[in-house]
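A.B. asks: below are the sequence and a predicted model; questions follow.
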Amino acid sequence: MTSRPTDAVHVVGASGRSGAALCRALSRLDIPVVPVVRDAARWQATGLDGSSRVADLTGPAGTLRAALADATRVVSTAHARHVPALLAAMPPGATLVCLGSTRKFTRWPDDHGNGVLAGEAALLRSGRDGVILHPTMIYGAQGENNVQRLAALLRRLPVTPLPGGGRTLVQPVHQDDVTSSLVAALRRPWHGPHALVIAGATRLTYRDFAATVARHARLRPRPVLAVPAGAMMAAAAIARWIPGLPSVGPAEIRRLLEDKAFDIGDMERELGIVPIPLEEGLSRLFPK
């Protein structure tokens, strides 16, 4: 049975960046929201209306079950590793829309990527109606630390150091497109479990991505310095002790060596979302 468009949406992780953006979008559409958060004070700090339900995804199962007891549609913007707990706590007929990550495709598995794979496997194994959306690198949200952190790093460096010269591909997706995809997934009837990738409209090399970010951040052009990944990891370990310099972890540096570009055909066909070009997205993030 398909939920009526006016049914309340239980948003797990409502006080986070993607969760709060979704709650704002649903509010504009006059769709009631039941925020489910770990910290009620953090929800209040968002300035959004409505009282929250408090439940820790790693806490007692009964608390989460009580928070979702009347749910017909659940959206989770929490890490996908929590999908098994959500499925166990949700009413049998409720639909789940959740966020994963294209980190699941990495050649260098880590806890984050393995958690995404486990969450996807749990949903697909469950037979429940719903979908897990795997976004590429998200930018454009208030307080996001991808593009904004890159811009902060470029402000401090005379060159752009990149392993392999930054010739691998990236395809960042704007937060507005992630939010639109979540709303579209809520409106679409799902028969059984599904998984699909959501990504931006623009594929480009990381060196061109960094140059484009620098231009929109009104920074002067700086040359790309090709640095071996091992040397860059060593330098990043030292840089963590320099005040004001954004930290970069070894796993992030390794991922700069693999392509992160994806077909968005399913995103457009299944959700009806045509993502915005990178130039437009960065214009929203760095208004003139």
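C.D. replies: Perfect, thanks for sending it. Residues are numbered from 1 along each chain as shown.

A.B. asks: what packs against the helix or strand hosting Glu120?
C.D. replies: According to DSSP states H and E, Glu120 maps onto helix 111-126. For helix 111-126, the packing partners by 3 or more Cβ pairs under 8 Å, 6 or more residues apart in numbering; DSSP states H and E come out as helix 83-89, strand 95-99, strand 130-135, strand 193-198. Bear in mind the C-beta positions are built from the backbone N, C-alpha and C, glycine included.

A.B. asks: with only the CA atoms kept, save the helix or strand harbouring Ser181 in PDB.
C.D. replies: Assigned by DSSP H and E, Ser181 belongs to helix 175-187. Extracted C-alpha coordinates of helix 175-187, given in PDB (Å, rounded to 0.1, in the frame of the first residue of the first chain):
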ATOM      1  CA  GLN A 175      22.900  19.100  -1.100                       C
ATOM      2  CA  ASP A 176      19.900  20.500  -2.900                       C
ATOM      3  CA  ASP A 177      19.900  17.500  -5.300                       C
ATOM      4  CA  VAL A 178      20.400  15.100  -2.300                       C
ATOM      5  CA  THR A 179      17.300  16.700  -0.600                       C
ATOM      6  CA  SER A 180      15.300  16.600  -3.800                       C
ATOM      7  CA  SER A 181      16.200  12.900  -4.300                       C
ATOM      8  CA  LEU A 182      15.000  12.100  -0.800                       C
ATOM      9  CA  VAL A 183      11.700  13.900  -1.400                       C
ATOM     10  CA  ALA A 184      11.300  12.200  -4.700                       C
ATOM     11  CA  ALA A 185      12.000   8.800  -3.100                       C
ATOM     12  CA  LEU A 186       9.400   9.500  -0.500                       C
ATOM     13  CA  ARG A 187       6.800  10.200  -3.200                       C
END
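
A.B. asks: ok, and what's touching it?
C.D. replies: 5, 9, 17-18, 21-22, 25-26, 29, 73, 75, 77, 97, 99, 131, 133, 135, 138-141, 144, 198, 200, 267, 271-273, 275-276, 281, 284 (Cβ atoms under 8 Å, 6 or more residues apart in numbering).

A.B. asks: follow-up on the earlier one: for the helix holding Glu120, buried residues please.
C.D. replies: His112, Gly113, Gly115, Val116, Leu117, Ala118, Gly119, Glu120, Ala122, Leu123, Ser126 (16 or more other Cβ atoms under 10 Å).

A.B. asks: tell me the angle it makes with strand 95-99.
C.D. replies: 160 degrees (axes from the mean of the first three to the mean of the last three Cα atoms, to 10 degrees).

A.B. asks: what mean pLDDT does helix 111-126 get?
C.D. replies: Averaging pLDDT along helix 111-126 gives 96.

A.B. asks: then stretch 173-192?
C.D. replies: Here the average pLDDT along stretch 173-192 is 97.

A.B. asks: cool, and stretch 214-233?
C.D. replies: 87.

A.B. asks: list the buried residues for stretch 130-143?
C.D. replies: Going by 16+ other Cβ under 10 Å, stretch 130-143 has these buried residues: Gly130, Val131, Ile132, Leu133, His134, Pro135, Thr136, Met137, Ile138, Tyr139, Gly140, Ala141.

A.B. asks: now those residues as CSV including pLDDT and distance to Pro84?
C.D. replies: Listed next are the buried residues of stretch 130-143 as CSV, based on pLDDT from 0 to 100; distance: Cβ to Cβ, whole Å:
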residue, pLDDT, distance to Pro84
Gly130, 98, 13
Val131, 98, 16
Ile132, 98, 12
Leu133, 98, 18
His134, 98, 17
Pro135, 98, 21
Thr136, 97, 24
Met137, 94, 26
Ile138, 95, 23
Tyr139, 95, 29
Gly140, 92, 30
Ala141, 84, 26
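
A.B. asks: what is the least confident helix or strand in the protein?
C.D. replies: Across the helices and strands of the chain, mean pLDDT, DSSP states H and E gives its lowest value to helix 229-239, namely a mean of 68.
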